[in-house]
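Undergrad: I would like to see how this sequence folds:
(one chain, ligands or ions: 1)
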Amino acid sequence: MTTTLKRSRTRSHSSTRWLQRQLNDPYVQRARAEGWRARSVYKLDEIDRRFGLVRPGGRVLDLGAAPGSWSQYALKKGARVVAVDLLPIGPMPGAEVVQGDFLDPEVQAALLERLGGGADAVLSDIAPDATGKRVVDRLRMEGVGEAVVAFAEGALGPDGRVLVKLIRGAEARVMDLAKSLFVGCRLLRPKATRADSSEVYLLAERPRAKAA
Ligand SMILES: C[S@@+](CC[C@H](N)C(=O)[O-])C[C@H]1O[C@@H](n2cnc3c(N)ncnc32)[C@H](O)[C@@H]1O
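TA: Residues are numbered from 1 along each chain as shown. I've put the predicted structure just below:
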């Protein structure tokens, strides 16, 4: 059943479009029914089923974690979770939560301290605020992507993996850096990614400096 909203004087055209898309998105409906905080959980679930990123007892760092479905997922699988976001994250029993900017070196130091050892997975779903200007948005995403990949190289254990969200156009530069630091790298586009979205995920495994 498709929900169509009536026009409203108090709602802009773009928010009506957004609301209509949310109401008709099967992943949004499924997430609500299954108790996940966001539809993005199905992207992680698909990638995790294929590559086994999240393991019971493993250390997982969740970057750009709010509202928290990836952390929820990792906790449910029995992983130890450290999460960070600029925004507050609702209570997440069992996870260590830091509110702050991942790009801030003090925040990165706090994350490493809470991790207490080499991570098994660094997961970044960070989405910098979009400006609508293609070049600016690409440069921002490249900056975040490179920062995540470089940080993950130090934070991960020898068999660790980093998953990082990018947008098309930003992937080539981040892939170059990832190839120089990691043994294996690939790009993924999970089925739950919206058809009109330009996002892709880069998965890199085994930091070269730590590989046997
Ligand atoms: C798509 S949402 C993440 C959804 C999350 N994976 C989930 O499943 O609930 C992207 C998040 O990135 C966060 N973010 C953007 N820039 C950030 C930064 N520099 N440091 C930390 N978080 C950031 C935003 O606040 C936003 O909550």
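Undergrad: isn't there a helix covering residue 142?
TA: Yes - with DSSP: H, G, I helix; E, B strand; the rest coil as the criterion, residue 142 is part of a helix.
Undergrad: Spit out the contact partners of the residue in the chain that the ligand sits nearest to.
TA: Per Cβ to the nearest ligand atom, residue 64 is where the chain lies closest to the ligand, at 2.9 Å. Heads up, the C-betas are built off the backbone N, CA and C, glycines and all. The contact partners of residue 64, taken as Cβ atoms under 8 Å, 6 or more residues apart in numbering, are 84, 85, 102, 124, 125, 126, 127, 165.
Undergrad: swap the cut-off to 7 Å and go again
TA: Contact analysis of residue 64 by Cβ atoms under 7 Å, 6 or more residues apart in numbering lists 85, 102, 124, 125, 126, 127.
Undergrad: Now it: phi and psi?
TA: With angles defined as degrees, to the nearest 10, residue 64 sits at phi 70, psi 50.
Undergrad: Output the contacts of residue 64 as a markdown table; include the columns pLDDT, neighbour count and secondary structure.
TA: Below are the contacts of residue 64 laid out as a markdown table (pLDDT from 0 to 100; neighbours: other Cβ atoms under 10 Å; DSSP: H, G, I helix; E, B strand; the rest coil):
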| residue | pLDDT | neighbour count | secondary structure |
| --- | --- | --- | --- |
| 85 | 98 | 22 | strand |
| 102 | 98 | 21 | coil |
| 124 | 98 | 27 | strand |
| 125 | 98 | 21 | coil |
| 126 | 98 | 21 | coil |
| 127 | 93 | 14 | coil |
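Undergrad: If we only consider those residues, which is nearest to residue 187?
TA: residue 124 (14.4 Å; Cβ to Cβ).
Undergrad: so that closest one makes contact with residue 150?
TA: No - judged on Cβ atoms under 7 Å, residue 124 makes no contact with residue 150 at a distance of 11.8 Å.
Undergrad: Which stretches in this protein count as helices?
TA: Taking DSSP state H as the criterion, the chain contains helices spanning 13-24, 26-34, 41-51, 69-76, 105-115, 134-155, 171-181.
Undergrad: which other residues reach the second one?
TA: It refers to helix 26-34. 22, 38, 39, 41, 42, 192.
Undergrad: and the gap between the nearest residue to residue 66 once chain neighbours are set aside and residue 16?
TA: Once flanking residues are discounted, residue 66 sits nearest to residue 85: 3.9 Å by Cβ to Cβ, 6 or more residues apart in numbering. Noted for residue 85: a distance of 28 Å to residue 16, by Cβ to Cβ, to the nearest Å.
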